[in-house]
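A.B. asks: Following is a predicted model, sequence given first.
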Amino acid sequence: MSPVDQRRRAWLRACCVILAVLTYLNVWSTVAIQGLTDYGRYTQLDPGEPARAMGAEFRLVSLVQTTQLVDSITDQVEPPADNAVWVIARVDVVRQDPNESLYCNFQLLGPNRRTWKESSTYVSRTLEPRCTMASMEVGRGYPLEITFEVPERYVGELAGVVVEDSAVHGARQVLVPPG
């Protein structure tokens, strides 16, 4: 093989490597810019504005913190874990489309995209914490009460309640209590 052919092959290899690197960078830039993943993307709604998802409308009525929860059946007081407080979200849900699957899953959004799921500590309350799709009539409002257990240091930095909709691959809507 002549020295000219060897140079051509070396340049061809270099061009292929550069092209592969540029393609790789282009793909990851597109992912980062377009946000093809829904992780960590939120749209904070105006105070009192409802979120629309899964054929329903969700409105955050109140977001209250407390250091004690009272069980509605036993009247027993349930304290939160050490250095934590209870945050109680009151959400009204109005079903608008009977053909859509409705699942009421919520998270509490804090600083730096930190989220908390509904508390796993069972305390019976007067309002339901979840939607019961079969019994929800179209056009009628249903109050829900979701309990979160949050470290005390984050209570003043809460952004709102996230409405989780697994069917949408985009920014999640964050409910903010009115006024």
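C.D. replies: Thanks, I have it.
A.B. asks: Tell me, domain by domain, which residues of this protein belong where.
C.D. replies: 1-36, 42-175 (automatic domain parsing).
A.B. asks: For the closest residue to residue 48 other than its chain neighbours, the count of nearby residues, please.
C.D. replies: Closest residue in space to residue 48, ignoring its immediate chain neighbours: residue 178 at 3.3 Å, by Cβ to Cβ, 6 or more residues apart in numbering. Yep, even glycine has a C-beta here, placed from its N, CA and C like the rest. By other Cβ atoms under 10 Å, the residues close to residue 178 number 11.
A.B. asks: Can you tell me how far the residue nearest the centre of the chain is from residue 45?
C.D. replies: By Cα atoms, centre = their mean, the chain has its centre lying nearest to residue 162, at 4.2 Å. Distance of residue 162 to residue 45, computed by Cβ to Cβ, to the nearest Å: 11 Å.
A.B. asks: Show me which of the domains of the chain has the highest average neighbour count.
C.D. replies: domain 42-175 (a mean of 16; mean count of other Cβ atoms under 10 Å).
A.B. asks: distance between the ends of that one?
C.D. replies: 10 Å (Cα to Cα, to the nearest Å).
A.B. asks: Check the secondary structure at residue 64 for me.
C.D. replies: strand (DSSP: H, G, I helix; E, B strand; the rest coil).
A.B. asks: thinking again about what came up before, determine the residues that are contacts of both of residue 162 and residue 45.
C.D. replies: Residues touching both residue 162 and residue 45 (Cβ atoms under 8 Å, 6 or more residues apart in numbering) are 173-175.
A.B. asks: returning to what we had before: and the residue nearest to residue 48, how far from residue 92?
C.D. replies: From residue 178 to residue 92 the distance is 11 Å (Cβ to Cβ).
A.B. asks: which neighbours do the two share?
C.D. replies: residue 61.
A.B. asks: list the contacts for the nearest residue to residue 77 once chain neighbours are set aside?
C.D. replies: Using Cβ to Cβ, 6+ apart and skipping the chain neighbours, the partner closest in space to residue 77 is residue 68 (5.0 Å). Residues in contact with residue 68, defined by Cβ under 8 Å, 6+ apart, are 77-79, 86.
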